[in-house]
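# got a predicted structure plus its sequence, pasted below:
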Amino acid sequence: MKKIIAWPITWLFFWMGDLISRIMHYFDWGLLYPVYNKLMWWSVEIQEWANVKGPWKEPNGRRT
């Protein structure tokens, strides 16, 4: 059950972080970096907690 819930949340946080990254790059707004950093960190943590395949690496530790 946690894999079903964690997989879309992992990707949602990853894509939200990517959007923040693009906004920071386009407008040169470094003040958004803490938001970007937290979203990416949460994405990694949830992926590892649920042991799902996500944007960061395979559940067995191999990079995608």
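On my side now, so go ahead.

# show me where the chain has helices.
Listed in chain order, the helices found in the chain under DSSP state H are 2-27, 33-50.

# among the ones you listed, which is nearest residue 56?
With C-beta to C-beta as the criterion, residue 56 lies closest to helix 33-50 of the helices of the chain, at 5.5 Å. C-betas here are computed from N, CA, C, even on glycine.

# export the helices of the chain to CSV and tack on distance to residue 57?
CSV is the format used below for these (distance: least, C-beta to C-beta, whole Å):
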stretch, distance to residue 57
helix 2-27, 11
helix 33-50, 8
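
# can you give me the neighbour number for residue 40?
Counted with other C-beta atoms under 10 Å, residues neighbouring residue 40 total 19.

# is it true that it touches residue 16?
No - applying C-beta atoms under 8 Å as the test, residue 40 and residue 16 come out as separate, 9.2 Å apart.

# neighbours of residue 39, how many?
19.

# show me what contacts it?
Remark: with contacts taken as C-beta atoms under 8 Å, 6 or more residues apart in numbering, residue 39 is in contact with 13-14, 16-17, 20.

# which one (most neighbours) among the residues you listed?
residue 13 (22 neighbours).

# not counting its neighbours along the chain, what's nearest it?
Using C-beta to C-beta, 6 or more residues apart in numbering and skipping residues adjacent in sequence, the residue nearest residue 13 is residue 43, 3.9 Å away.

# on that earlier part again, same list (the contacts of residue 39) but as TSV, adding distance to residue 6 and pLDDT.
Converted to TSV, these look like this (distance: C-beta to C-beta, whole Å; pLDDT from 0 to 100):
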residue	distance to residue 6	pLDDT
13	10	96
14	12	95
16	15	96
17	16	96
20	21	96
